[in-house]
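Novice: the sequence isn't on hand, but the structure is:
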Ligand code: SAM
């Protein structure tokens, strides 16, 4: 594809392994007049060619001011690249205001696709990937996080979360509480890096898998959690639908017992859905 002069290239960069910087990404970064990035020192390491473009910082706090500067440069016919610290810009990273402004002004844009932690995790999770819900970072505060997880617990699609090391254990505990311990999940730590670790099991097994990982206290995490439908056997979807309707009006135990009677399901299955101890 031949881009017109004055194009903004949105360039994906490695999420760990520098060998994942594509030849095209290298070529684009070497040919543009300006690279807008979160951290000029970090992104400067990706520029290996003899001609160094100018680097400017673009982050959450200065994105609005940078937009005008970049649009003015693009209008002169110069090309600009947007990168983030790692992975694909705009995926839980800055750049949205810039791209929205270029859309408004009908200025040319072109992607240089490549690494993205969410897609990398989904590609190896072994969980349904035909449809998925990208949630990114959950709220940092416990109550808001638990409420958000409750709202997501009935999603039929695999869910992808980003999480920081200092919150991963609290996040896993909240996932168990909201989705139940049986829900299949894949937790990825340090993808593409030397100490990459991938835990596969149920949510209830994740704490033990983390305890067995010598590098558990470090790194970046991406979680893929199976949707409600994938965790269920045939017939469970109806049980879950009825249970969720009743749980909006009744205490969980009462809703589970009634849902079992209405659908003919086992009471134990209804209690499991409600993440409650068995009925007897
Ligand atoms: N734009 C990036 C992308 O395309 O993946 C994501 C940026 S977001 C600010 C950073 C988060 O992505 C990390 O906190 C972690 O949850 C996830 N992440 C980034 N690199 C990762 C890696 N190598 N392994 C696992 N998760 C990673």
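Specialist: Great, that's in hand. Since we're looking at a predicted model, the values are computed, not measured. Numbers count the residues shown, from 1 in each chain.
Novice: contact residues of the stretch 151-280 of the chain facing the ligand?
Specialist: 162, 163, 164, 188, 190, 191, 192, 193, 220, 221, 222 (C-beta under 6 Å from any ligand atom). Where you see a C-beta, it was placed from the backbone N, CA and C, and this is true even at glycine.
Novice: now list the buried members of the residues you listed.
Specialist: With neighbours counted by 16 or more other C-beta atoms under 10 Å, these contain buried members at 162, 163, 188, 190, 191, 192, 220, 221, 222.
Novice: same list (those residues) but as CSV, adding secondary structure and pLDDT.
Specialist: Shown next, in CSV, are those (DSSP: H, G, I helix; E, B strand; the rest coil; pLDDT from 0 to 100):
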residue, secondary structure, pLDDT
162, strand, 98
163, strand, 98
188, strand, 98
190, coil, 98
191, coil, 98
192, coil, 98
220, strand, 98
221, strand, 98
222, strand, 98
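Novice: low-confidence regions, the protein specifically.
Specialist: 1, 230-235, 237, 275-280 (pLDDT under 70).
Novice: is the residue nearest to residue 122 when sequence neighbours are not counted part of a helix or strand, or is it coil?
Specialist: Distance criterion C-beta to C-beta, 6 or more residues apart in numbering; nearest residue to residue 122, sequence neighbours excluded, is residue 129 at 5.1 Å. When classified by DSSP: H, G, I helix; E, B strand; the rest coil, residue 129 comes out as coil.
Novice: any idea how far residue 228 is from residue 154?
Specialist: For residue 154, the distance to residue 228 equals 5 Å [C-beta to C-beta, to the nearest Å].
Novice: what sits in contact with each of those two?
Specialist: residue 240 (C-beta atoms under 8 Å, 6 or more residues apart in numbering).
Novice: between those two, which one's more packed in?
Specialist: Between residue 154 and residue 228, counted using other C-beta atoms under 10 Å, residue 228 has the larger neighbour count: 22 against 16.
Novice: what's near enough to touch that one?
Specialist: 153, 154, 155, 156, 179, 240.
Novice: next up, phi/psi of it, please.
Specialist: The phi and psi values for residue 228, taken as degrees, to the nearest 10, are phi -60, psi -40.
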